[in-house]
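Asker: A predicted structure for the sequence below; I have some questions about it.
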Amino acid sequence: MVYDVVIVGAGAAGFGCALTLASANDKFDWAKDKTYLMLDNDGSDLKVGKYCNVAGVEPGINGVDLLVNMKKQLENYPACQLKSDTVTKIEKNAENFTVTTQNETFEAKIVVLATGLHKFEIDCEGLEVKDNNFVPKPNLIYLDNNNNIISENLYVAGLASGVPTMFSCASGDGAKVACNIFEKWSGKIAVVHDVKS
Ligand SMILES: Cc1cc2nc3c(=O)[nH]c(=O)nc-3n(C[C@H](O)[C@H](O)[C@H](O)COP(=O)(O)OP(=O)(O)OC[C@H]3O[C@@H](n4cnc5c(N)ncnc54)[C@H](O)[C@@H]3O)c2cc1C
């Protein structure tokens, strides 16, 4: 099968993107049958933090528990699968991307890189890894982009795009990329708002 979107990285940005994308499926005809896959190798910064200043999130929550909560939240949306694996190569073909992991190969129409700021070891042509000068620590990276776009149908979200190293910035950047993808699909500005029935 060809996934509509493959998201690499299941941290704040990856979940922000995946939850926003998948929440559109039962709300819009243009999103009805879209399929999503998240691939992650369990190295999120969330695993080492404790979060007291994330708006709307229980103060003092351990990042590992925050990850568990986001995984549970994603289970509400069967259109999105989450797999544990390391992506090693991304190739652009005539129509789609081939995403190679240590164990499998997937096809995708759109790829979102939400891989954080520590390193980028995926073999992917046409992508520039730069020193991340937007953060107060040395030896970190971001991926050169123009408003989250690296090249056609290849996006970057979260710390890998150069946003400040705060949970809400990364998560919001993932949601922003999802909305950019909605615009591509629907041909107009689109967001997903749940309202009380
Ligand atoms: C110690 C610490 C404390 C913090 N405290 C706070 C705080 O109090 N408040 C706050 O707002 N923020 C805090 N942060 C920052 C916050 O955790 C980050 O901003 C946020 O996690 C970044 O989200 P991200 O999705 O961009 O990256 P990450 O959450 O790091 O996720 C990137 C994901 O991509 C995966 N990945 C990378 N390469 C591959 C690959 N090739 N294949 C598959 N998967 C891949 C990684 O395994 C990882 O799961 C803290 C960070 C740290 C380190």
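Answerer: Thanks, I have the structure now. Numbering: from 1, shown residues only.
Asker: and the longest strand along the chain, does that touch the ligand?
Answerer: Taking DSSP state E as the criterion, the chain has its longest strand at strand 105-113. No - applying C-beta under 6 Å from any ligand atom, one finds strand 105-113 out of contact with the ligand, separated by at least 8.3 Å. Yep, even glycine has a C-beta here, placed from its N, CA and C like the rest.
Asker: Show me what that strand packs onto, helices and strands only.
Answerer: strand 2-8, strand 36-40, strand 97-101, strand 154-156, helix 167-186 (3 or more C-beta pairs under 8 Å, 6 or more residues apart in numbering; DSSP states H and E).
Asker: Remind me what whichever helix or strand comes after that strand packs against, helices and strands.
Answerer: Once the chain leaves strand 105-113, the next helix or strand it forms, by DSSP states H and E, is strand 123-124. Under the contact criterion of 3+ C-beta pairs under 8 Å, 6+ apart, strand 123-124 touches strand 87-92.
Asker: Enumerate the positions of the longest strand of the chain that are buried.
Answerer: 106, 108-113 (16 or more other C-beta atoms under 10 Å).
Asker: Surely D194 is within a strand?
Answerer: No - counting by DSSP: H, G, I helix; E, B strand; the rest coil, D194 is not found in a strand; it is coil.
Asker: What pLDDT is listed against it?
Answerer: The confidence metric pLDDT takes the value 90 at D194.
Asker: And the residue of this structure closest to the ligand?
Answerer: For the chain, the residue positioned closest to the ligand under C-beta to the nearest ligand atom is G11, at a distance of 2.1 Å.
Asker: And for that residue, the neighbour number?
Answerer: As a burial measure, the neighbour count of G11 was computed by other C-beta atoms under 10 Å and equals 29.
Asker: what sits against the nearest residue to it once chain neighbours are set aside?
Answerer: Excluding its sequence neighbours, the residue lying closest to G11 (C-beta to C-beta, 6 or more residues apart in numbering) is S44, at 3.6 Å. Neighbour list for S44: 9-12, 63, 67, 116 [criterion: C-beta atoms under 8 Å, 6 or more residues apart in numbering].
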